[in-house]
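Participant: this is a predicted model, with the sequence first.
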Amino acid sequence: MATYRQPLRLGLTGGIGSGKSTVGQILASLGAALIDADQISREVTGPGGAAMPAIQSTFGGAYVDASGALDRTRMRQLAFSQPKARSQLEAIVHPLVALHSQQRIQQAIQSGAPLIVHDIPLLAESGRWARQLDAVVVVDCTADIQIERVMQRSGLSADAVRGIIASQATRTARRAVADVVIANEAHCTLEQLQAEVRQVAALFGL
Ligand SMILES: CC(C)(COP(=O)(O)OP(=O)(O)OC[C@H]1O[C@@H](n2cnc3c(N)ncnc32)[C@H](O)[C@@H]1O)[C@@H](O)C(=O)NCCC(=O)NCCS
Ligand SMILES: Nc1ncnc2c1ncn2[C@@H]1O[C@H](COP(=O)(O)OP(=O)(O)OP(=O)(O)O)[C@@H](O)[C@H]1O
């Protein structure tokens, strides 16, 4: 039976719009295997996705679009204004994200990746991950910058972004779980971010 070296496992997190996906992409370009919880969450809520039967029975057909996928705009409005609905949605989606992550971890190990990076938006909120990770990297910036970046990227209103930020861990709570903090503030250019990520990557053998 083949044996595989166990790669280091890094958790990557940050509030909405902090820049964690950008940091994840830079780490992937340096050779890390990236496992993106948001991406898996989108897959399982896509047309005919594994989460869709439970979403349909819990929230009703109004939250399923014509293609059989989650109606993300409608669900975003519900989930970020009603904590109970958000919990119900998380209870459906998170176990599936964990299951699919396990499969991707095995693939990454078999492909010989030197480092696995788990991009997990809700890492600080969830007790699930801590014991599986060797270290946690937090991408950090002010709420004003988060709002500006998300408004530019998605066209959401400032109030909508504030609502999402309010539903997430505080900046202090997130920094408390960090082994490394990457400051991705307003003055940080993408080139500077890239240089900072390269230094962090070197700490973990990339
Ligand atoms: C509510 C949904 C439909 C909104 O979809 P939308 O396309 O607008 O956003 P997207 O999925 O790209 O998420 C963008 C960002 O929102 C934040 N966010 C997403 N879900 C949550 C949540 N449950 N709590 C707090 N913040 C969240 C994260 O910062 C994430 O990076 C979607 O986010 C969702 O299905 N959320 C529940 C699953 C979940 O918890 N995903 C996050 C980690 S697996
Ligand atoms: N240092 C930077 N300079 C310029 N633009 C940036 C910088 N960091 C991030 N961005 C931009 O800000 C937006 C948000 O970044 P990104 O998608 O990486 O954040 P995120 O934390 O993954 O967000 P979400 O939680 O919503 O998935 C993107 O459009 C990205 O290109």
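Facilitator: It's in. Residues are numbered from 1 along each chain as shown. Ligands and ions are numbered 1, 2, ... in the order given.

Participant: quick one: low-confidence parts of this structure?
Facilitator: Counting by pLDDT under 70, the ranges of the chain that qualify are 1.

Participant: I'd assumed Val136 was in contact with Gly14.
Facilitator: No: counting by Cβ atoms under 8 Å, Val136 is not a contact partner of Gly14; they are 10.6 Å apart. (Each C-beta comes from the backbone N, C-alpha and C, glycine too.)

Participant: of the two, which one has the most company?
Facilitator: In this view Gly14 and Val136 are compared by other Cβ atoms under 10 Å, and Gly14 has more residues nearby, 30 against 21.

Participant: phi, psi of that one?
Facilitator: Main-chain torsions, Gly14, degrees, to the nearest 10: phi 170, psi 160.

Participant: for Arg171, see how far away it is.
Facilitator: Separation of Gly14 from Arg171 (Cβ to Cβ, to the nearest Å) stands at 10 Å.

Participant: so for these two, which residues contact both of them?
Facilitator: Asp140 (Cβ atoms under 8 Å, 6 or more residues apart in numbering).

Participant: next, count neighbours for Ala66.
Facilitator: Ala66 has 7 nearby residues by other Cβ under 10 Å.

Participant: same thing with the one 3 residues further on?
Facilitator: As a burial measure, the neighbour count of Ala69 was computed by other Cβ under 10 Å and equals 16.

Participant: list the contacts of it.
Facilitator: Ala69 touches Thr45, Gly46, Pro47, Gly49, Met52, counting by Cβ under 8 Å, 6+ apart.

Participant: try Ala201
Facilitator: Applying Cβ under 8 Å, 6+ apart to Ala201 gives the contacts Ile26, Leu27, Leu30, Ala32, Leu115.

Participant: do His94 as well
Facilitator: Each residue near His94 by Cβ under 8 Å, 6+ apart is listed here: Ser126, Arg128.

Participant: that one in helix, strand or coil?
Facilitator: Of the three states, His94 takes helix under DSSP: H, G, I helix; E, B strand; the rest coil.

Participant: for it, give its distance to Met151.
Facilitator: Noted for His94: a distance of 27 Å to Met151, by Cβ to Cβ.

Participant: coming back round to it: by neighbours, which of the contacts of Ala69 wins?
Facilitator: Neighbour counts for the contacts of Ala69 (other Cβ under 10 Å) peak at Thr45, which has 23 neighbours.

Participant: in space, what's closest to that residue - neighbours in sequence excluded?
Facilitator: Leaving out its chain neighbours, the residue that sits closest to Thr45 by Cβ to Cβ, 6 or more residues apart in numbering is Leu70, at 3.8 Å.
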